[in-house]
Structures are given as C-alpha cells and as structure tokens.
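K.L.:
coords please:
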Amino acid sequence: MKRFTTYTADNFLGLDPVWRLLMLLLISATLSCNSPDKTADAQQSELESQLEEIHKLVYAEPSLARDRSLKILQSISPGTDIKAEIISLKYIGSSYAVETRYAEAIKYYKRALELAEKINLYSETANLNNNLGTIYNEFGNYGAAYIYFIKALENYELAENKEKRSGTLNNIGLTYLSLGNREKALGYFSGALKASQSGKDTILTATILNNIALCNFAEKKIALGLENLKRSISLSEKTRNVYGLCVSYQILGNMYLDEQKTQKAFEAYSTSIGIAERAHLNHLLAVSKIGLARVLLSQNKTGEALRYAEEVMAVSNEKNSQSLKADAHQLLSGIYEKNGNLELSLKEFRDYVKIKEELNNTTVVNQIYDVEVDYLNQLNKMQQLELEKKELAISNKNIWLFFLSLIFLMIFGGAYLIYRNYRGKQKVKLQQTILELTKKKSNAALEAEIEERKRIGRELHDSLGYLLSLAGLNASVLQKRKELPEEKKSELLNSLMESINDAFDEVRTISHNLAPSLLSEQGLKGALKNISDKVNQSNRLKMSFDTFGLHHQLDELVENVLYRTLQEIVNNTIKHADATELFVQIAQDRHQITLMAEDNGKGFDTDSLKTKASFGLSHIKSWIENLNGSIHVDSKIKRGTIISILIPVENE
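P.N.:
Numbers count the residues shown, from 1 in each chain. This next block holds a predicted model:
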C-alpha cells in the first residue's frame, strides 16, 4: 500500500516501517469523527448521549464503537432519524479506517455521504468527503483524494464552519507531502495552523505541528523541527491529548534513529510505549514497538528485537491489520538475517512482499470503486428504460393489430409523409442552427479583430504618435531656426534622437505583443514565465504557475492562441478581479492541452454572462472555439474565479 511519506512518492518502499505506519496515524488523526450537534429536543438526548460515547471509543476501541453504532442503526426506523443514521454510518466507517480496513470504511462512508447529500446536511457531507479523501490519499490515489478534500472545503463553507476547514487544509498538505512537494505542503500546513489556532481545536493544532516537524526533519532542519515538535508536545500535555503526545514521541524517535542517535531514539520510543500502554492505544503501541525493535536491531540486540517483533505480529493478527503485519514480517526478516538464519529471513520477506501485493491489489479495487458505482447506476437506469419500452411496445401492438386490417395503407402512407415532413423540417432547422452558429462565430471573430485593431490604434496614437510628434517638432525647430546656438541645436538633436529611440522601443513592444519572439525562442513555458515576472514586478498582484508535459514545441497557432489567452486573463484579473493572487497551470498529454487559471478576487455571477457580454471572455471563447476547444468559467461572488480551457491535440 502506498503510504504517506516525507520524501517522494517514488521511494516509498525504501522508507523504514515506523515512518510508514506513523504517516497513517497522522492522517487517521484528522478523520472527521466529530461529536454530533446538540439539540434541544428531549427525545433525542439519550440517542445523542450514546453517539457521544461512540465518538470517544472510535480510536480507543474501534470494534466496540462499531458494534454500538450497528445497534443504533438497527433501532432506527428507515427515514425517521436520517441524521442519526448518517452519524452512525460514519462512525462505523471510521472504526474500519482506524483498523486500516479501508474497503469496508469506504462502503459505509459512501452510504452516509449519499444520505447527507440528499438532505443537504453540509457539515456531515464535508466530514465524509474529508474522510474519503484521507483514505484515497493513503492508497496513493492523490487525484481522487484532492477532489474529495476540495468538496469538503466547499461544504464547510456552506455549513459556515470555517474552523473545521483547518483539518482539510492539513490533509491537502499531507497529499502534497506524499507527492514530495514539501514547499506546497508547508504552505497548506501553515494555513491550517493559522486557522486551527484561531479556534479551540488544540488537538488538531498539535497534529499540524507534528506534520510541520516531519517536513523540517526531511529537509534536515533538525533544530526547527525540534522546536515545532516541542510546541506540539506542550499542547498535547496541556489538553491530555495522549494520542497526539504518543505520535510526537514516535516522530522524535524516528528522527534520532535516522541521525544514528540510538540512545535518544530508545528513550523517545520507550516514552511513546509508556503513553500508549497507559491509554490502551493498541495500534500506536505496536507502532512504537516496531521503532524500539529497530533500535535494538541496530544495537545487535536481536533477542529483544525479536520479542517486540513477535508482539507486534500478535497484535496485527488480533486486529486484522495487514499494514502492521507487513511491517512485522519485514522487521522479522531483518532480525533473522542478522542472526544468520537466511532461510527464515527469506520466508518472512516473502510474506512481507505477498501482503504488500495484496494491499496494492486492494488499492486498485477501491480506486475503481467510484467508476463501478456510476456504471451500475447507469446500467440500472438503462434496464428500467428498456422495461418501460417493452411495456409500451406490447400496448401499442394490441392497438395496431386491431386497426391494421382496415387502415394499414392509410397509416403507412401518412407515416411516410409525416416522416418526410419531419426530416425536411429537421434538415432546415439543422441548417439554420449551423448558419446561426457560424454567424455568431464569425461575428465574435470580427468583434475580436475590431477590438484588437482599436487597441493597436490606441497604442499607436497614445504612445507612438506622441513620440513621433515630439520628434517632428524638434526636427522642425532645427530646420527653421538655423541661427540657434550650437549648444541648443545639440540639445534639440539629442531630444530628437531620444524620441526616435523611444518610438523604436514602442514599436518593438507592440510587435512583441502581436507576435512575441519569446514563443519561437523559448516556447510557451518561457513566455508564461516572462508574463509572470512582469506581473510580479508590482505589488498589486502575485502570479505563480505550473506546467506539465510541455516538452515539445506546440503547433504555432495553438501556442499563439494560448499566449493571447493568458494575456487576456492576466489583463482581466488586474483590471476587474481585485485579486491579490493568480495561479496558472498548463498541462499537456497525448490528447489535449489543459489551461486552468484561478484567482482569489471578488468573483462574479456567471449567470450575468448570459445577458451581458464580456469582451475579454468573448474573445477568449472565439479563439478557443476556432481550435475546436472548450472553455468553462466557474465563479461566485466573493469566492474568486476559475477558468478552465481544453484544446484537443492532433496526434501525428
């Protein structure tokens, strides 16, 4: 199974087992298992009290929490208390997630999510999307995880619960960290930390500080990582957050072990074991024992290391935790190898590889779960339509048999005439539609050309015209007033040359905007960097960008259209959006080029585009449609704007 890593997604299998298990615990700690909202209804108080107790049991005794949630589900009549049904299903899913039984967790989460979306229960919809994103992040399906996290953020906004957003921001940071992008991960962790500190969720704050410390240690910023870890430990001690405290000492032990400070690593792991034993955190206890066994193995104390490894194996069998079992097999393989028992070492290693392959197969199954569900839904609809069609056919057949002998010729002739008439109308309608679309497309292109000519005219008049007029004035004075002193003539001549040079510069600027040489010299990526550098020279707007797959020279027409589109988007953002940040992403694969631009400006109502044309957007739409592409604008007032553009690529 692909785990959370502080290095890169590709070198995951090279990580120590304690690091991999620890990443799971950090992600699991952010699962949204919040206690249910309070209600004034006295009849609900007993049920809410039971759900509160289950909430406390999810991490400590997941199987017990699951049994109690199932009893509540059985006691609720369908449709009578949908909210309690949603929360119970969520707790069942969370109990499976804590045990790393992700297939079952996904099943119950999705049942709960379907109900929550049906009644517009935004807070629980957000929680469930957050939990599903966490699981898909564990699978290494980062695209699906990111989509779930974004949906969680949107629903937290709808629920007006900004404090809970910090947990999802933390999870997005974990996704970027899994991809090895520590810079973006730290950005999200910092945002999550700021949001969590404004509220009262000190447990989440401690978790975020642990994640930041992981980044620091991965970058070998040991002092900074220790400082953040110390803050996390202090918060956990104040709030008696034994879960977070135990994880902090595990991180500390891993760091010391990586730095080959085995005595300090031994002390940190021993502390985490003591905490886990007192709090009955069995899963965390097993993770800490793996770390301690690794320390003992590095000290050639294979007997003690073997004892801890066997204890972890027993826990993995009891809890049916495949991830723990895999790491126990890997640890045992190392112990037997050091003891010289290569046969047993090879056996344990094979068991480790077998379990990892099974986990990876499970991952694949769950990654296609969404597609399979959608397919089954569509199949069900098609079967229903087919059944209705057959019933209608039987009914019509009886009627036709009754009248067939009398009016067959009349019906046949009439049907033929109607069909011909219908086809004729359809052809006329299709031709009219094509003509109308062609006319609109031509008008849009003409309007874009007229606007471009006006813009060029304004630039020539406002800048070049002024410079040439000034040059002409100086030349006229030199021609008419030959009696001027040499000093004055020299001054006028210098002014004349300066005006001419400025005019040349202005002509080059206008020429560059019309057909930038950067595109032919450096390609679209270089031109995009040039735009970004110019925008970032002012403090008004900060522009950043990413590109993927732009390894070859694009078609010249496509390249120019994308460049002009980027110019138009940047101009619109500066003039109208009141934004402080603009992010542009361009990606190319075998079939299409995707451009996405997102700002944090004031946004607008996209419905207004239907009644009020926007010249900038209409130009972009005209350019893109000429390349058989498509454009989608997603914007809401006070929530910024996202512009997505798809252009098909012809494969040679």
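K.L.:
and the strands in this structure?
P.N.:
Remark: strands assigned in the chain by DSSP state E are 542-548, 581-588, 592-599, 630-635, 641-648.
K.L.:
these: which one's closest to Lys354?
P.N.:
Across the strands of the chain, Lys354 has its closest neighbour in strand 542-548 (35.3 Å, Cβ to Cβ). Where C-beta positions appear, they are placed from N, C-alpha and C, glycine not excepted.
K.L.:
which residues does that closest one contact?
P.N.:
By Cβ atoms under 8 Å, 6 or more residues apart in numbering, the residues outside strand 542-548 that reach it are 524-525, 528-529, 531-532, 535-536, 570, 580-588.
K.L.:
and for the residue lying closest to Ala326 once chain neighbours are set aside, the neighbour number?
P.N.:
Leaving aside its sequence neighbours, Ala326 sits nearest to Ile355 (Cβ to Cβ, 6 or more residues apart in numbering; 4.2 Å). Neighbourhood size, Ile355 [other Cβ atoms under 10 Å]: 21.
K.L.:
Ile355 contacts Lys325, correct?
P.N.:
Yes: Ile355 lies in contact with Lys325 (Cβ atoms under 8 Å); the separation is 5.9 Å.
K.L.:
list the contacts of Glu157.
P.N.:
So Glu157 contacts Arg165, Arg639 (Cβ under 8 Å, 6+ apart).
K.L.:
sorry, back to before: tabulate the strands of the chain (a markdown table), appending distance to Arg420.
P.N.:
As requested, those are exported to a markdown table (distance: least, Cβ to Cβ, whole Å):
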| stretch | distance to Arg420 |
| --- | --- |
| strand 542-548 | 53 |
| strand 581-588 | 48 |
| strand 592-599 | 41 |
| strand 630-635 | 36 |
| strand 641-648 | 37 |
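K.L.:
any idea of the pLDDT on the residue nearest to Ala326?
P.N.:
What the model reports for Ile355 is a pLDDT of 80.
K.L.:
contacting residues around it?
P.N.:
Contact analysis of Ile355 by Cβ under 8 Å, 6+ apart lists Gln322, Lys325, Ala326, His329.
K.L.:
next one: the first one from Ile645, what distance?
P.N.:
In other words, Gln322. Gln322 sits 43 Å away from Ile645, going by Cβ to Cβ, to the nearest Å.
K.L.:
the more surrounded of the two?
P.N.:
Ile645 (25 against 19).
K.L.:
do you know how far the more buried one is from Gly629?
P.N.:
Distance of Ile645 to Gly629, given as Cβ to Cβ: 6 Å.
K.L.:
can you check Ala195 too?
P.N.:
For Ala195, the distance to Gly629 (Cβ to Cβ) stands at 37 Å.
K.L.:
columns mean pLDDT and distance to Asp607 on top of the strands of the chain, output as JSON lines?
P.N.:
Converted to JSON lines, the strands of the chain look like this (pLDDT from 0 to 100; distance: least, Cβ to Cβ, whole Å):
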{"stretch": "strand 542-548", "mean pLDDT": "92", "distance to Asp607": "28"}
{"stretch": "strand 581-588", "mean pLDDT": "93", "distance to Asp607": "24"}
{"stretch": "strand 592-599", "mean pLDDT": "93", "distance to Asp607": "19"}
{"stretch": "strand 630-635", "mean pLDDT": "91", "distance to Asp607": "10"}
{"stretch": "strand 641-648", "mean pLDDT": "93", "distance to Asp607": "14"}
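K.L.:
select, out of those strands, the one closest to Ser75.
P.N.:
strand 630-635 (43.0 Å).
K.L.:
give the pairing partners of that closest one; include direction for each.
P.N.:
strand 641-648 (antiparallel) (DSSP bridges).
K.L.:
next, the angle strand 592-599 makes with the partner strand.
P.N.:
In terms of direction (axes from the mean of the first three to the mean of the last three Cα atoms, to 10 degrees), strand 641-648 departs from strand 592-599 by 170 degrees.
K.L.:
what are the buried residues along strand 641-648?
P.N.:
For strand 641-648, the neighbour count (16 or more other Cβ atoms under 10 Å) marks Thr641, Ile642, Ile643, Ile645, Leu646, Ile647 as buried.
K.L.:
ditto for stretch 142-155
P.N.:
Residues of stretch 142-155 classed as buried under the neighbour-count rule (16+ other Cβ under 10 Å) are Tyr142, Ala144, Ala145, Tyr146, Ile147, Tyr148, Phe149, Lys151, Ala152, Leu153, Glu154, Asn155.
K.L.:
nearest to Asn501, of the residues you listed?
P.N.:
When the buried residues of stretch 142-155 are compared for distance to Asn501 (Cβ to Cβ), Tyr146 comes out closest, at 51.3 Å.
K.L.:
I'd assumed Gly173 was in contact with the closest one.
P.N.:
No: assessed by Cβ under 8 Å, Tyr146 is found out of contact with Gly173, at 11.4 Å.
K.L.:
domains of the chain?
P.N.:
Residue ranges for the domains of the chain, per automatic domain parsing: 12-32+120-367, 371-513, 521-648.
K.L.:
where do the helices sit along the stretch 1-150 of the chain?
P.N.:
Along the stretch 1-150 of the chain, the stretches classed as helices by DSSP state H, counting those that start in this stretch are 17-28, 45-60, 62-75, 82-98, 102-118, 122-139, 142-158.
K.L.:
could I get those helices as JSON lines with mean pLDDT and distance to Lys636?
P.N.:
Shown next, in JSON lines, are those (pLDDT from 0 to 100; distance: least, Cβ to Cβ, whole Å):
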{"stretch": "helix 17-28", "mean pLDDT": "51", "distance to Lys636": "30"}
{"stretch": "helix 45-60", "mean pLDDT": "78", "distance to Lys636": "34"}
{"stretch": "helix 62-75", "mean pLDDT": "88", "distance to Lys636": "37"}
{"stretch": "helix 82-98", "mean pLDDT": "89", "distance to Lys636": "27"}
{"stretch": "helix 102-118", "mean pLDDT": "92", "distance to Lys636": "19"}
{"stretch": "helix 122-139", "mean pLDDT": "88", "distance to Lys636": "15"}
{"stretch": "helix 142-158", "mean pLDDT": "86", "distance to Lys636": "10"}
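K.L.:
before we move on, back to that, make CSV out of the buried residues of stretch 142-155 and add distance to Asn161.
P.N.:
Output for the buried residues of stretch 142-155, formatted as CSV (distance: Cβ to Cβ, whole Å):
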residue, distance to Asn161
Tyr142, 25
Ala144, 23
Ala145, 21
Tyr146, 20
Ile147, 20
Tyr148, 17
Phe149, 15
Lys151, 14
Ala152, 11
Leu153, 11
Glu154, 12
Asn155, 9
